[in-house]
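Novice: The following block contains a protein sequence and its predicted model.
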Amino acid sequence: MTWSVDSWKARLCAQQIRYDDAAGVEAAVAKLRRLPPLVTSWEIERLKKLVAEAQMGKRFLLQGGDCAETLADCQPDIITNKLKILLQMSLVLVHAGKMPVVRVGRLAGQYAKPRSKLTEERDGVVLPSYFGDLVNRPDFTPEARHADPRAMVDAYGHAALTLNFMRSLSAAGFADLHHPEYWDLAFLSRADLPVELREEYTQASQRLAEALHFMEALGETTIDDATRVEFYTSHEGLNLHYESAQTRAVPRRKGYYLLTTHLPWIGERTRAVDGAHVELFRGIENVVGIKIGPKVDPADALSLIERLNPNNEVGKIVVITRMGSAHVARALPPLVDAVRRAERHVLWVCDPMHGNTISTASSIKTRSFDDILFEIEQTFGVHHDCGTFLGGVHFELTGEDVTECIGGGLTEEDLDRNYASVCDPRLNYRQALEMAFRVGQWMKRNRPRPTSPP
């Protein structure tokens, strides 16, 4: 049970990156250990407090961003649009749910992706799969698919640039709730956005701004806390060389912090309780997310939660269920009931994207807007029936005008128009905003009764 930053190396590592340059890996890890952290321990502790409040029904978590970030997307307009769509969605949820929203982006580090196969074959040529820009490149050539240790340092640099830009925008008032008009994307005036959706968002933003000004007129002393918008980052902690290199003790705090992101998560393919990923993450102080699919044994899920949070600390664990619309009614109730009966403190979050991936007749990977909606609706219902509550949602989305998911204004014939993802399909701006309104409606009907901390 002895833990260290490198104890994961003695465990079986699912999705192991196959480097053939051991010296290069050592050099990259050594450099990352010397570089400043990407995030701070006090930011992590602040997020843990917010997640604890969400576990008590006092906040709602919105997590979203790219399936796989690319280094080429480290551009101001692309980053700004990602933040804007998350802000707009959160405004809708705040207005509908009448509670604060915790905003967590899949950005500034979502450079690695697990794959169902370690290799890919095209026209008889077999090459390593693309595992994200943290590891290799998407071009189907031996050079691009070679796992390059230097990519870890390159990804660190782009994550730092992204975080710096995000913090600068926030400090400059970009996310001020008094001025939601600053967040408007160009799509609010586009002809293909339904008039009723545009009007509904505009009215919601105006009402929220008016309410804030009214509170200030009454001399409400907590208005600054109510209007301050904070952004946190998250990514799947897939490449353990990269994650462990930035895991360290910090002055005047107990324990170790993983400092590449605020909220790392363990994927469905890497959550073995005796595996390398769980071994690293059980020793860190961060909030930890766990992706759980429909094949999970509730007893195994409980063992995993207990291993990652043996002291049952509030605010520590986020369980992100990704069941698929066809499996929610069967697979989710026994899982929720087992965790509830064990009295484990978790925040339940629904990822309706990963269980609903399909392929068209022409082998284009896509997702159905209606299936995504159905999984969220079913998840709200399961928690209501089990006496628990859904405390957040997790989307793969973008602020760009992509055509990757069918429904919500797109048909299968539209997919070729602007399919830009290097991995999985994402919601575009219109679909994401419409999704927020639907989630807001369910939040109204399933508002939890806030509880006190244990």
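Specialist: Received the coordinates, thanks.

Novice: the helices in the protein, which residues?
Specialist: In the chain, the segments counted as helices under DSSP state H are 22-34, 41-55, 76-97, 142-145, 150-171, 195-217, 223-227, 240-245, 276-281, 298-308, 328-341, 369-386, 429-445.

Novice: Of all those, which one is nearest Gly255?
Specialist: Gly255 lies closest to helix 41-55 among the helices of the chain, at 9.1 Å (CB to CB). The way it works is simple: take the backbone N, C-alpha and C, and place the C-beta from them, glycine included.

Novice: Just the CA trace of that closest one, in CSV.
Specialist: Taking C-alpha atoms only, helix 41-55 is exported to CSV below (Å, rounded to 0.1, in the frame of the first residue of the first chain):
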residue,chain,number,x,y,z
SER,A,41,-2.8,23.8,-5.1
TRP,A,42,-5.0,26.5,-3.8
GLU,A,43,-7.0,26.4,-7.1
ILE,A,44,-7.4,22.7,-6.6
GLU,A,45,-8.6,23.1,-3.1
ARG,A,46,-11.0,25.8,-4.2
LEU,A,47,-12.5,23.4,-6.8
LYS,A,48,-12.7,20.7,-4.2
LYS,A,49,-14.8,23.0,-2.0
LEU,A,50,-17.1,23.8,-4.9
VAL,A,51,-17.5,20.1,-5.8
ALA,A,52,-18.3,19.4,-2.1
GLU,A,53,-21.1,22.0,-2.4
ALA,A,54,-22.3,20.4,-5.6
GLN,A,55,-22.5,17.1,-3.7
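
Novice: Turn the helices of the chain into TSV, including mean neighbour count, mean pLDDT and distance to Cys13.
Specialist: Formatted as TSV, the helices of the chain follow (neighbours: other CB atoms under 10 Å; pLDDT from 0 to 100; distance: least, CB to CB, whole Å):
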stretch	mean neighbour count	mean pLDDT	distance to Cys13
helix 22-34	14	98	13
helix 41-55	20	97	24
helix 76-97	21	88	30
helix 142-145	13	97	20
helix 150-171	18	94	16
helix 195-217	14	69	45
helix 223-227	13	48	42
helix 240-245	24	98	7
helix 276-281	24	98	4
helix 298-308	18	98	16
helix 328-341	18	98	26
helix 369-386	20	97	30
helix 429-445	20	90	34
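
Novice: so can I have JSON lines of these showing distance to Gly124?
Specialist: Output for these, formatted as JSON lines (distance: least, CB to CB, whole Å):
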{"stretch": "helix 22-34", "distance to Gly124": "30"}
{"stretch": "helix 41-55", "distance to Gly124": "48"}
{"stretch": "helix 76-97", "distance to Gly124": "36"}
{"stretch": "helix 142-145", "distance to Gly124": "14"}
{"stretch": "helix 150-171", "distance to Gly124": "27"}
{"stretch": "helix 195-217", "distance to Gly124": "48"}
{"stretch": "helix 223-227", "distance to Gly124": "59"}
{"stretch": "helix 240-245", "distance to Gly124": "32"}
{"stretch": "helix 276-281", "distance to Gly124": "34"}
{"stretch": "helix 298-308", "distance to Gly124": "40"}
{"stretch": "helix 328-341", "distance to Gly124": "39"}
{"stretch": "helix 369-386", "distance to Gly124": "34"}
{"stretch": "helix 429-445", "distance to Gly124": "37"}
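
Novice: Which one of those helices lies nearest to Asp133?
Specialist: helix 150-171 (6.1 Å).

Novice: Relative to the whole chain's centre, how far out is that closest one?
Specialist: Offset of helix 150-171 from its chain centre (CA atoms, centre = their mean, to the nearest Å): 17 Å.

Novice: Which residues outside it are in contact with it?
Specialist: 24, 28-29, 31-32, 35, 38-39, 71, 74, 76, 79-80, 83, 105, 107-109, 111, 133-136, 175, 229-231, 233, 239, 241-242, 245-246, 260 (CB atoms under 8 Å, 6 or more residues apart in numbering).

Novice: between it and helix 76-97, how big is the angle?
Specialist: 60 degrees (axes from the mean of the first three to the mean of the last three CA atoms, to 10 degrees).

Novice: Please work out the angle formed by the directions of helix 150-171 and helix 22-34.
Specialist: 20 degrees.

Novice: show me the contacts for Asp66.
Specialist: Per CB under 8 Å, 6+ apart, neighbours of Asp66: Asp73, Lys82, Arg106, Leu107, Gln110, Glu396, Thr398, Ser421, Arg426.

Novice: export those residues to TSV and tack on distance to Gln203?
Specialist: Formatted as TSV, those follow (distance: CB to CB, whole Å):
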residue	distance to Gln203
Asp73	32
Lys82	24
Arg106	29
Leu107	29
Gln110	33
Glu396	28
Thr398	25
Ser421	32
Arg426	27
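
Novice: Among those, which lie within strands?
Specialist: Here DSSP state E is the test, and these give Arg106, Glu396 as lying in strands.

Novice: Gly275: which of the contacts of Asp66 is nearest?
Specialist: So of the contacts of Asp66, ranked by how close each gets to Gly275 (CB to CB), first place is Gln110, at 20.8 Å.
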